[in-house]
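Q: no letters, just coordinates:
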């Protein structure tokens, strides 16, 4: 059985992105990372003095992921050497008035003074003041929230790229599982004469000792022997699981949980196949299936 579904790239749960930004007098650096998790756990490590930042950033981060342990970290530094230059208008007017009075007095005394320049007035004490940057965090919070989408986009790009690589691996593993399942079906068909011979021998042995036996119990035992030898259902379910896995991968999006559950079903059928094999070659195929399913499950653990 083969599936030729063209898959939509999945997203990996694991991912990382970093970024920097600045708004005088502040500098900041972001990083966001995600590791595997059963559900979604978003943790923010941001300065608590920036009021409202965590509350606004959390839903933005949560919108980017459906599964995984996501941690967003922000480090903000402030350059205290950066100051705001302000003109003290009252002081400037006072200085200009003083200069006018000085020049007027100098003219009365017959003294000629050089014309005053703006730079001369600005250099006077108190005309130009340096004030510390405002402590209101609102402008900084707005700048940070405007910067965050670029970080989240880079984070999503990385996880999508890793998801595309995961898709290729999973499709290849499903193809191998389908091939082994086909091989198991062929071996099961080839061993039918052997199984029939074994059942006939068991039937003869039961009938030989059936004089004092309960006919219903004899029938139950014979039916149980037949069921234990038949692997048709296991093979059919393995084929069905391969088809279901292709559909999930083709669906894309947050299908990691469903794929993980499906891997448990794969493993259950492979285990039953091995227990019913009663044939060295069929057992070999069953063990190969189990090993491949375990490998695939490891990859599925990374799917969002």
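A: Received it, and whenever you're ready, just let me know what you need. Not measured: the values here are computed from a predicted model.
Q: give me the domain ranges for this structure.
A: 15-79+137-159, 84-131, 160-300 (automatic domain parsing).
Q: quick one: which of the ones you listed is nearest residue 9?
A: domain 160-300 (3.9 Å; C-beta to C-beta). Placement of C-beta: from N, CA and C, glycine included.
Q: and that closest one, how far out from the chain middle?
A: In this view, domain 160-300 has its centroid 32 Å away from the chain centroid, taken as C-alpha atoms, centre = their mean, to the nearest Å.
Q: export the domains of the chain to a markdown table and tack on mean neighbour count, mean pLDDT and distance to residue 9?
A: Output for the domains of the chain, formatted as a markdown table (neighbours: other C-beta atoms under 10 Å; pLDDT from 0 to 100; distance: least, C-beta to C-beta, whole Å):
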| stretch | mean neighbour count | mean pLDDT | distance to residue 9 |
| --- | --- | --- | --- |
| domain 15-79+137-159 | 16 | 93 | 10 |
| domain 84-131 | 11 | 76 | 49 |
| domain 160-300 | 16 | 83 | 4 |
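Q: sec struct for residue 22, please.
A: Secondary structure assignment for residue 22 (DSSP: H, G, I helix; E, B strand; the rest coil): strand.
Q: for the closest residue to it other than its chain neighbours, give me its contacts.
A: In this structure, residue 22 finds its nearest non-sequential neighbour in residue 28, 7.2 Å apart by C-beta to C-beta, 6 or more residues apart in numbering. By C-beta atoms under 8 Å, 6 or more residues apart in numbering, residue 28 lies in contact with 20, 21, 22, 74, 75, 76, 77, 144, 147.
Q: closest to residue 283 out of those residues?
A: residue 74 (56.2 Å).
Q: quick one: that closest one from residue 22, how far?
A: 13 Å (C-beta to C-beta, to the nearest Å).
Q: farthest-apart pair in the contacts of residue 28, please.
A: Maximum distance among these (C-beta to C-beta): 14.9 Å, for 77 and 147.
Q: what distance separates the start and the end of stretch 33-41?
A: One end of stretch 33-41 to the other measures 12 Å (C-alpha to C-alpha, to the nearest Å).
Q: which outside residues touch it?
A: Under the criterion C-beta under 8 Å, 6+ apart, residues 13-17, 62, 65-71, 155, 159, 301-302 lie in contact with stretch 33-41.
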